[in-house]
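**Q** dropping the sequence and predicted coords here.
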Amino acid sequence: MVADALVYHPAVAHYLKFVATTVGRDKLLRTLQYFARFYAWYLLRTNRPQTSIQPWETMKKQFGMVRKVLRAGKNIEHFKAAAAASDAKTTDPVLRYTAVGRQLGYAGYLTLDLATLLDATGIRKSPSAKRFQQEAFRFWAMGLACSVVAQTYTLYQLQQREARVDRKEGEGVVESKRIAM
């Protein structure tokens, strides 16, 4: 009875749906990895011995490696999303180009990150792995920059739209509330 109550609890079903996806597992592993990073930093700042810090450092590194392996092949999703964004002719040109740039940036990051996987896991060392990782971070920064430009442009458009709204009419009040959301 008690086991049935636990197994069939809605929280367990929600958890299983969450970890059934790669994104869900990545979020869970990222949370554990960042907690380990924070706790190792906390232990270091409170002058704890290295023997108490080392397990948390190892946990951080191992979860980071697992996440890197789980990302393998995800670059294809971003190439597809870039092609779909490029084909969306009805969208605003600025948003379309920034979406393509963002997706290509993330795809480039994941592709070059995948190129360093064998080196990072220790299967096959590569002298160019460090250079690939640096270029991967540049692609990641490009994706982030395109995302910031798109969000800034969207915010500007919303501010322009809000300035044109007449709040004295009923429709204007509804529109201003819609913009606020």
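**A** Great, that's in hand.
**Q** quick one, domains of the chain?
**A** Taking automatic domain parsing as the criterion, the chain consists of the domains 1-70, 73-181.
**Q** most tightly packed of these?
**A** Across the domains of the chain, averaging neighbours per residue (mean count of other CB atoms under 10 Å) puts domain 73-181 on top, at a mean of 14. The C-beta positions use only the backbone N, C-alpha and C, and glycine is treated the same way.
**Q** in this structure, which helix or strand is least confident?
**A** helix 2-7 (a mean of 66; mean pLDDT, DSSP states H and E).
**Q** could you point out which element follows that one?
**A** helix 10-19 (DSSP states H and E).
**Q** name the residues that touch that following helix?
**A** By CB atoms under 8 Å, 6 or more residues apart in numbering, the residues outside helix 10-19 that reach it are 6, 24-25, 27-28.
**Q** least confident pick among those?
**A** Taking these together, the minimum pLDDT is found at residue 6 (68).
**Q** returning to that earlier point: wait, which of the contacts of helix 10-19 is closest to residue 63?
**A** Ranked by distance to residue 63 (CB to CB), these are led by residue 28 at 9.6 Å.
**Q** could you tell me the angle between the helix or strand hosting the closest one and helix 10-19?
**A** Here residue 28, judged by DSSP H and E, is contained in helix 22-45. Angle of helix 22-45 versus helix 10-19, following axes from the mean of the first three to the mean of the last three CA atoms, to 10 degrees, is 100 degrees.
**Q** alpha carbons of helix 22-45, as PDB, please.
**A** Extracted in PDB, the C-alpha atoms of helix 22-45 (Å, rounded to 0.1, in the frame of the first residue of the first chain):
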ATOM      1  CA  THR A  22      17.900  14.800 -22.600                       C
ATOM      2  CA  VAL A  23      17.100  18.400 -21.700                       C
ATOM      3  CA  GLY A  24      15.700  17.300 -18.400                       C
ATOM      4  CA  ARG A  25      18.700  15.100 -17.600                       C
ATOM      5  CA  ASP A  26      21.000  18.000 -18.600                       C
ATOM      6  CA  LYS A  27      19.200  20.400 -16.200                       C
ATOM      7  CA  LEU A  28      19.400  17.900 -13.400                       C
ATOM      8  CA  LEU A  29      23.100  17.300 -14.000                       C
ATOM      9  CA  ARG A  30      23.800  21.000 -14.400                       C
ATOM     10  CA  THR A  31      22.100  21.700 -11.000                       C
ATOM     11  CA  LEU A  32      24.200  19.000  -9.300                       C
ATOM     12  CA  GLN A  33      27.400  20.200 -11.100                       C
ATOM     13  CA  TYR A  34      26.900  23.800 -10.100                       C
ATOM     14  CA  PHE A  35      26.000  22.900  -6.500                       C
ATOM     15  CA  ALA A  36      29.200  20.900  -6.300                       C
ATOM     16  CA  ARG A  37      31.100  23.900  -7.700                       C
ATOM     17  CA  PHE A  38      29.500  26.300  -5.200                       C
ATOM     18  CA  TYR A  39      30.100  23.900  -2.300                       C
ATOM     19  CA  ALA A  40      33.700  23.400  -3.200                       C
ATOM     20  CA  TRP A  41      34.200  27.100  -3.400                       C
ATOM     21  CA  TYR A  42      32.400  27.500   0.000                       C
ATOM     22  CA  LEU A  43      34.700  24.900   1.600                       C
ATOM     23  CA  LEU A  44      37.700  26.600   0.200                       C
ATOM     24  CA  ARG A  45      36.600  30.000   1.500                       C
END
